[in-house]
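**Q** Give me the fold of what follows.
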Amino acid sequence: MTETELPLSVQYLLIALQLVALAVFLYFVWPLVKKEDWKAKFIDNKTARSILIVFILIMTFVWGIGAFFDTFFPVEVLR
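**A** Model prediction:
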């Protein structure tokens with residue numbers, strides 16, 4: 001069964017459940033995020049800044065490779 005075979009009410013219920021889970025997660029995490037000194041931890045620290053730059057480059061590369069293959073080698077639907 002795919003998500004298109006589910007009744008519309010169940011789809012809305014699952015979306016609402018995900019939004020409630022996100023709200024609860026943010027409720028618990030936000031005080032911890034707010035009291036951190038993010039600039040000193042990630043921007044002023046040269047090692048952490050380098051790791052962030054490499055992470056962003058890797059994510060961009062992976063996204064680009066995915067977009068390339070989606071564009072030039074699309075998934076064929078067999079019928």
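**Q** tell me what the helix or strand Q18 falls within is packed against?
**A** Q18 is part of helix 8-34 when elements are defined by DSSP states H and E. Packing contacts for helix 8-34, counted by 3 or more C-beta pairs under 8 Å, 6 or more residues apart in numbering; DSSP states H and E, involve no helix or strand. C-beta coordinates here come from the backbone N, C-alpha and C atoms, glycine included.
**Q** which secondary structure elements does the helix or strand following that helix contact?
**A** As assigned by DSSP H and E, the chain's next helix or strand after helix 8-34 is helix 38. For helix 38, there is no helix or strand it packs on, judged by 3+ C-beta pairs under 8 Å, 6+ apart.
**Q** how about low-confidence regions in the protein?
**A** Along the chain, segments meeting pLDDT under 70 span 1-4.
**Q** How far off centre is the helix holding Q18?
**A** 14 Å (C-alpha atoms, centre = their mean, to the nearest Å).
**Q** which parts of that helix are buried?
**A** The neighbour-count check on helix 8-34 (16 or more other C-beta atoms under 10 Å) flags nothing as buried.
**Q** Excluding chain neighbours, what is closest to L6?
**A** Nearest residue to L6, sequence neighbours excluded (C-beta to C-beta, 6 or more residues apart in numbering): L14, at 7.9 Å.
**Q** for the chain, which residue is closest to the average position?
**A** The residue lying closest to the centre of the chain (C-alpha atoms, centre = their mean) is M59, at 11.1 Å.
**Q** Now that one, what are its backbone angles?
**A** With angles defined as degrees, to the nearest 10, M59 sits at phi -60, psi -40.
**Q** Please apply the same query to V75.
**A** The phi/psi pair for V75 (degrees, to the nearest 10) is phi -70, psi 130.
**Q** Same check on N45?
**A** phi -80, psi 110.
**Q** Would you quantify the distance from it to V33?
**A** In this view, N45 and V33 are 18 Å apart by C-beta to C-beta, to the nearest Å.
**Q** that older thread, measure the residue nearest to L6 to L26 for me?
**A** For L14, the distance to L26 equals 19 Å [C-beta to C-beta].
**Q** What of A48?
**A** In terms of C-beta to C-beta, A48 sits 24 Å off from L26.
**Q** Check F68 too.
**A** Separation of F68 from L26 (C-beta to C-beta): 35 Å.
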